[in-house]
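Q: Build the 3D model from these lines:
(one chain, ligands or ions: 1)
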Amino acid sequence: MIVANLSSPRKRGSIFFKKGIIMRVIVDEETCTGCGVCAETCPEVFETDDDLAKVIADPVPEDAEDSCREAVEDCPVEAISIQD
Ligand code: SF4
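A: This is a model prediction of the structure:
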């Protein structure tokens with residue numbers, strides 16, 4: 001199920017592959033406040049740059065999937081979408 005529009009130029013993300021399942025993690029740049037929670041929670045996947053979060057792992061390391069999901073849940077403004 002697609003939970004975000006990848007065609008939007010204001011979103012940037014990454015495609016993740018694990019056990020035959022494609023996952024997309026997307027940061028909505030219009031919503032992101034650059035707080036850095038995602039990068040602190042899952043530095044393997046997220047980094048803050050120019051006061052915005054960006055996805056830096058493609059594909060996400062398998063052992064970072066749980067922390068990636070935690071980062072999605074912990075984002076205070078729900079700027080991250082994940083698909084699996
Ligand atoms: S936790 Fe959310 S608001 Fe904070 S930097 Fe990451 S994506 Fe942006």
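Q: Low-confidence stretches in the protein?
A: 1-23, 83-84 (pLDDT under 70).
Q: Would you mind naming the helix or strand containing the spatially most central residue of it?
A: Central residue of the chain (CA atoms, centre = their mean): Val25, 3.9 Å from the mean position. Taking DSSP states H and E as the criterion, Val25 maps to strand 21-28.
Q: and Lys54, how many neighbours does it have?
A: By the measure other CB atoms under 10 Å, the count of residues near Lys54 is 18. Where you see a C-beta, it was placed from the backbone N, CA and C, and this is true even at glycine.
Q: How about the contacts made by it?
A: Residues in contact with Lys54 (CB atoms under 8 Å, 6 or more residues apart in numbering) are Arg12, Val27, Phe46, Glu47, Thr48.
Q: so it is in which element?
A: Per DSSP H and E: strand 52-55 holds Lys54.
Q: now the residue nearest to the centre of the chain, which residues is it bridged with?
A: Ser14, Ile82 (DSSP bridges).
Q: For the contacts of Lys54, which single residue is the most surrounded?
A: Phe46 (28 neighbours).
Q: Setting aside sequence neighbours, what's the nearest residue to that residue?
A: In space, and not counting its chain neighbours, Phe46 is closest to Cys38: 4.0 Å by CB to CB, 6 or more residues apart in numbering.
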